[in-house]
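Predicted coordinates and the sequence they were generated for:
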Amino acid sequence: MRRRLAGLALAGLMLSLPACAQPQYWPPIPPPRAEPIPPPPGERLVWQPGHWQWEGREYVWVPGRWIERPAPHLQFVPGHWAWRVGGWIWIPAHWR
């Protein structure tokens, strides 16, 4: 009886693994577009470069823009795509 229960538990585990271990395949991210950076309209502004955004079926280009620095000591970290197990994820821009 014990052996049969252990076998059933192992079979259930083996059946559940393929579903959760399947990698997600995303199309390759296109190379960044070259964008001219216009002069800043103010002193406290930082250029946020354009990037590709996944819209469910395709990548769409989001143009760069000027954003306001919340505090003089903060450093801007641009958003970027990073490879993680299973596919690409977008790390949003942030301040540190």
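That came in fine, so what should we check first?

can we go C-alpha only for contacts and neighbour counts from here?
Will do.

Please enumerate the strands of the chain.
45-48, 51-54, 59-62, 65-68, 76-77, 80-84, 87-91, 94-95 (DSSP state E).

Paired strands for the fourth one, with orientation please.
Strands that pair with strand 65-68, judged by DSSP bridges, come out as strand 45-48 (antiparallel).

How far off centre is the strand it pairs with?
Distance, stretch centre to chain centre, for strand 45-48: 20 Å (CA atoms, centre = their mean, to the nearest Å).

contact partners of that strand?
Residues outside strand 45-48 that contact it (CA atoms under 8 Å, 6 or more residues apart in numbering) are 37, 40, 64-69, 76, 78.

Which residues belonging to that strand are considered buried?
By neighbour count with 16 or more other CA atoms under 10 Å, strand 45-48 contains the buried residues 47-48.

as a whole number, average confidence for that strand?
For strand 45-48, the mean per-residue pLDDT is 96.

Distance-wise, check W52 relative to P41.
Relative to P41, W52 is positioned 24 Å away (CA to CA, to the nearest Å).

Format the strands of the chain as CSV; extra columns: distance to P28.
Converted to CSV, the strands of the chain look like this (distance: least, CA to CA, whole Å):
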stretch, distance to P28
strand 45-48, 22
strand 51-54, 11
strand 59-62, 9
strand 65-68, 24
strand 76-77, 23
strand 80-84, 11
strand 87-91, 9
strand 94-95, 24
